[in-house]
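1. would you be able to build a 3D model of this:
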Amino acid sequence: MKQQPHAVVIGGGIGGLTAAIGLHESGWSVTVLERAASLEPVGAGIGLAPNSQRALDVLGLGNEVRALAAWQGDGGMRAQNGRWLVRTSAAEAEAAYGGSLVMLHRATLVDLLVSALPEGALRTGTRARLTDPGGTDRPAVVATDDGDTEADLVVGADGIDSAVRTALFPAHPGTVYAGFTAWRFVIPAPDRAFAPHETWGRGGVWGTQPLKDGRVYAYATARLPEGGRAPDDEKAELERRFSGWHEPIPEMIAAVRAEDVLRNDVRYLPTPLARFHRGRVALVGDAAHAMTPSLGQGGNQAIEDGVVLAHHAAPGNDLAAGLAAYSADRVPRTTEIVRRAARASRVTHLTGAPLIAVRNTLVSAASRLGPNFIMRGFASIADWRPPRAPYAAGTATGAPEPSTEAADREPVQR
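-> Prediction:
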């Protein structure tokens, strides 16, 4: 009997877990090595667009995610003084994107992904290092404190500071600072109702999004020098920077505890990798294409990566050809999204009052041309389809799409 091929996933984040589930379901034996002692994602939310929901449908997890998440309702974009620049509705989003945007806590998503892994596949508190990417004539080798492990396939899912990426492509320049820092926190929802919104102010952004469990996810960004920290605490820094913005922003800041505010400088990969594989190793998520959060697609693209990799690396197929097909599918799409996210970041972090006024006027004017005009750019991201069925997020209702040739459908490249 032929031995089951073994895949080692380095990193237990969203992309690594998705890849592990997809590979397991396609016939691989999988081991996920995570250096942290436990998988406890930081207190932040994640928005899942229809593209990643369709990918999760392929794994049989899409309906569970939609049941756990808050479906994004009517909302839009606002100016710093509270004036609505763009109003959007859930119905318009469904029509434009082929499905709804949903929001949930990262920990909720990670817990769901872990529950879909085979028993014993996840090893936390395990440092792992790629020592040999392998080739057609030899396995890849991963070193841990317990010794070396040979693998038929290694998935580098070790995040923005990926050591696997550096090992594969040592000449690549790596990440750069995007010019702004980000704060995130989750608090109980206030008593009064509010519409989900993202506010574009002077040199920064604020977002307030409800979660299904009665909490609110808030995030903020501001143009600042790299490596800075508040002289007191990050809640006080938020108060200094955002307390003069419209409600419910001051209310959100007042409600959070200082120790629950997370701050991280935003970095990304402006120089795209020529490919996401070498030897028997493939990169997914931030290790492959770290992007700014301006389009909310970082985690979404990691989920897409995992499903597409599992599709092309099916046991019994030629692995070298499968990894080449994976890169061919993913590099053009993610490169374009990284670039679009960087452009969006520059627009949302303008500091000059005249430029901000022009930006806001243009956004408002565009919104009056109709919701599809504003949403058209993001629709070309959200309308992606996985390389195989089934997926349910292709319709506004979430019901499975009728399909006769969906199993042969390749991902749409934009």
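2. going by C-alpha atoms from here, please, whenever you check contacts or count neighbours.
-> Fine.
3. the longest helix in this structure is where?
-> Counting residues, the longest helix found in the chain (DSSP state H) is helix 319-348.
4. show me what that one is packed up against.
-> Other elements packing on helix 319-348 under the criterion 3 or more CA pairs under 8 Å, 6 or more residues apart in numbering; DSSP states H and E are strand 277-278, helix 286-289, helix 298-312.
5. output the ones you listed as TSV; include the columns mean neighbour count and mean pLDDT.
-> Formatted as TSV, the entries for those read as follows, by neighbours: other CA atoms under 10 Å; pLDDT from 0 to 100:
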stretch	mean neighbour count	mean pLDDT
strand 277-278	22	98
helix 286-289	27	98
helix 298-312	25	98
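6. can you show me the strands along the stretch 101-250 of the chain?
-> Listed in chain order, the strands found in the stretch 101-250 of the chain under DSSP state E, counting those that start in this stretch are 102-105, 122-123, 128-132, 140-144, 147-151, 153-156, 176-188, 197-200, 204-210, 215-223.
7. okay, and the beta partners of residue 7?
-> For residue 7, the beta-bridge assignment (DSSP bridges) gives partners residue 30, residue 153.
8. enumerate every residue touching it.
-> For residue 7, the contact set (CA atoms under 8 Å, 6 or more residues apart in numbering) comprises 23, 28-31, 151-155.
9. again, only this time at 7 Å
-> For residue 7, the set of contacting residues under the criterion of CA atoms under 7 Å, 6 or more residues apart in numbering consists of 28-31, 151-154.
10. now, among those, which is nearest to residue 253?
-> Of all the contacts of residue 7, residue 253 sits closest to residue 31, with 41.0 Å by CA to CA.
11. isn't residue 246 up against residue 80?
-> Yes - here residue 246 lies in contact with residue 80, judged by CA atoms under 7 Å, at a distance of 6.3 Å.
12. so those two - more neighbours on which side?
-> The residue with more neighbours, out of residue 246 and residue 80, is residue 80; 20 against 16, by other CA atoms under 10 Å.
13. now the more buried one: phi and psi?
-> Note on residue 80: backbone dihedrals following degrees, to the nearest 10 are phi -60, psi -30.
14. who's in contact with it?
-> With contact taken as CA under 7 Å, 6+ apart, residue 80 is in contact with 199-201, 245-246.
15. the spatially most central residue of the chain - nearest residue in space that isn't next to it in sequence?
-> When CA atoms, centre = their mean is applied to the chain, the residue found nearest the centroid is residue 299 (1.3 Å). Distances taken as CA to CA, 6 or more residues apart in numbering put residue 14 closest to residue 299, at 6.7 Å, once the chain neighbours are dropped.
16. residues contacting residue 345?
-> Residues in contact with residue 345, defined by CA under 7 Å, 6+ apart, are residue 294.
17. measure it to residue 82 for me?
-> Distance from residue 345 to residue 82, counting by CA to CA, to the nearest Å: 20 Å.
18. so the closest residue to residue 347 other than its chain neighbours is in which element?
-> Across the structure, with CA to CA, 6+ apart as the measure, the residue nearest residue 347 apart from its sequence neighbours is residue 359 (7.7 Å). Following DSSP states H and E, the helix or strand that holds residue 359 is helix 353-368.
19. ok so, going back, which pLDDT value does the model give the residue nearest to residue 299?
-> pLDDT, the model's per-residue confidence, is 97 for residue 14.
20. neighbours around it, how many?
-> 26.
21. contacts only, for it.
-> Applying CA under 7 Å, 6+ apart as the definition, the contact partners of residue 14 turn out to be 110, 299, 302-303.
22. I figured residue 258 hits residue 232, correct?
-> No - under the criterion of CA under 7 Å, residue 258 makes no contact with residue 232, lying 9.8 Å away.
23. ok, those two, which is more surrounded?
-> When residue 258 is set against residue 232 and neighbours are counted by other CA under 10 Å, the residue ahead is residue 258, at 17 against 9.
24. which ones are touching that one?
-> 233-235.
25. these in helices, which ones?
-> 234-235.
26. most neighbours among the contacts of residue 258, which one?
-> residue 235 (23 neighbours).
27. need phi/psi at the nearest residue to that residue once chain neighbours are set aside.
-> By the measure of CA to CA, 6+ apart, the closest residue to residue 235 outside its immediate chain neighbours is residue 258, 4.9 Å from it. Comment: the main-chain dihedrals of residue 258 come out as phi -60, psi -40, following degrees, to the nearest 10.
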